[in-house]
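Asks: What follows is a predicted protein model with its sequence.
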Amino acid sequence: MNELDYVPIAALNQYSYCPHRCWRMFCIGDFTDNQYTIEGTSLHDRVHTVGDGHREEVWQVRAVWLKSDRDGLIGKADLIEANDGHWYPVEYKRSHRGEFDNDELQVCAQALCLEEMTGQPVAQGYIYYAQSHQRQLVEISAALRQATIATLHLIRTLLHTGTMPPAVYTPRCKGCSLFQSCMPQAVEKVRKYQES
């Protein structure tokens, strides 16, 4: 597989959140920080201190690069843990538990890479939410795997064609750092005006 064919694991999270945002970030390189992205970057800077150690019976390693040749994925895991011969990824997020499934897709993509790299099945992962200091279990189910692979195919098509998905206004837009770039409300008003 050509290196250009690998999809960044983070793109699954972005595409599931908003295909237009994913296009802006990964096709045209458009990115702007806001309060939420700065908080997230700060959290990941702390988490990505390379190293390993033990927490009770759990072996932990931080800032691990993951790759799957089978699925064409590449990216960095915040934390990988091993306990009693079982591997699982832990993805760090700045907020409280998410309202959407985009974080679960990212964890599943990491699990797919881990399976290929270790030769062991990965049945679960976690999302650690920094504001609540809570972990959410993510079951790496057949349905989640299928959703992850389907999203991966959509992203690969997006990256190869470069076709811009429409900017659609949803409640997710309120926290998006690219809101001023795509202006989904203005696009919607223009569309309605053209239809009338």
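Replies: Everything's here; your move. Numbers count the residues shown, from 1 in each chain.
Asks: Past the helix or strand that Ala150 is a member of, which element shows up next along the chain?
Replies: Under the criterion of DSSP states H and E, Ala150 resides in helix 142-161. Sequence order places helix 179-182 as the next helix or strand after helix 142-161, per DSSP H and E.
Asks: Now that following helix: average pLDDT?
Replies: Helix 179-182 comes out with an average pLDDT of 77.
Asks: Just list what it packs against, helices and strands only.
Replies: helix 19-26 (3 or more C-beta pairs under 8 Å, 6 or more residues apart in numbering; DSSP states H and E). (Glycine included, C-beta is placed from N, CA and C.)
Asks: List the buried residues in the helix holding Ala150.
Replies: For helix 142-161, the neighbour count (16 or more other C-beta atoms under 10 Å) marks Leu144, Ala147, Thr148, Thr151, Leu152, Leu154, Ile155, Leu158, Leu159 as buried.
Asks: Next, the angle helix 19-26 makes with that helix.
Replies: 60 degrees (axes from the mean of the first three to the mean of the last three C-alpha atoms, to 10 degrees).
Asks: Any stretches of this structure with poor pLDDT?
Replies: The model of the chain has pLDDT under 70 over residues 1-4, 31-56, 96-100, 184-194.
Asks: any idea which residue sits dead centre in it?
Replies: Asn13 (3.0 Å; C-alpha atoms, centre = their mean).
Asks: if I pick it, what's in contact with it?
Replies: Asn102, Asp103, Leu105, Gln106 (C-beta atoms under 8 Å, 6 or more residues apart in numbering).
Asks: Which one of the residues you listed is nearest to Leu79?
Replies: Gln106 (13.0 Å; C-beta to C-beta).
Asks: Make sure the closest one is indeed in a strand.
Replies: No - according to DSSP: H, G, I helix; E, B strand; the rest coil, Gln106 belongs to no strand; its state is helix.
Asks: which residues does it contact?
Replies: Contacts of Gln106 (C-beta under 8 Å, 6+ apart): Ile9, Ala10, Leu12, Asn13, Glu91.
Asks: could you dump those residues to a markdown table with secondary structure and distance to Glu195?
Replies: As requested, the contacts of Gln106 are exported to a markdown table (DSSP: H, G, I helix; E, B strand; the rest coil; distance: C-beta to C-beta, whole Å):
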| residue | secondary structure | distance to Glu195 |
| --- | --- | --- |
| Ile9 | helix | 39 |
| Ala10 | helix | 36 |
| Leu12 | helix | 33 |
| Asn13 | helix | 33 |
| Glu91 | strand | 41 |
